[in-house]
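1. what's the 3D shape of this:
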Amino acid sequence: MRVLVFGAGAVGQAIGAILGSDGHAVDLIVRPSFLAPINLDGIVVDGILGEFRASPENVRAHSSVDQLPGGCYDYS
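-> Coordinates of the predicted model:
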């Protein structure tokens, strides 16, 4: 499944991490300060639902919709 999370703050990044850790392709639109850390290391979320690790291969951060790869999304 291919998912776009537009305006991925804390909640959007957590959703992206959960989906990405399950192998889904997730594109996140984030603030510029989050670009490098997410694209280099992925996202790790640890909380009451457990720990979720999404690799940079599954979760990609972008600062605008102009940077998105082409194609369609299953959910956005």
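2. Please identify the residue most distant from the middle of this structure.
-> Farthest-out residue of the chain from its mean C-alpha position, per CA atoms, centre = their mean: I48, at 19.7 Å.
3. Quick check, pLDDT for it.
-> Here the pLDDT value assigned to I48 is 91.
4. Quickly note the distance from it to L35.
-> To L35, I48 is 28 Å away according to CB to CB, to the nearest Å. Heads up, the C-betas are built off the backbone N, CA and C, glycines and all.
5. ok, now H24?
-> In terms of CB to CB, H24 sits 20 Å off from L35.
6. Name the spans of the chain whose pLDDT lies under the cut-off.
-> Counting by pLDDT under 70, the chain contains no low-confidence range.
7. Please, where are all the strands along it?
-> 2-6, 25-29, 43-47, 50-54, 59-62 (DSSP state E).
8. and the angle for the first one with strand 25-29?
-> It stands for strand 2-6. On the basis of axes from the mean of the first three to the mean of the last three CA atoms, to 10 degrees, strand 2-6 is oriented at 10 degrees to strand 25-29.
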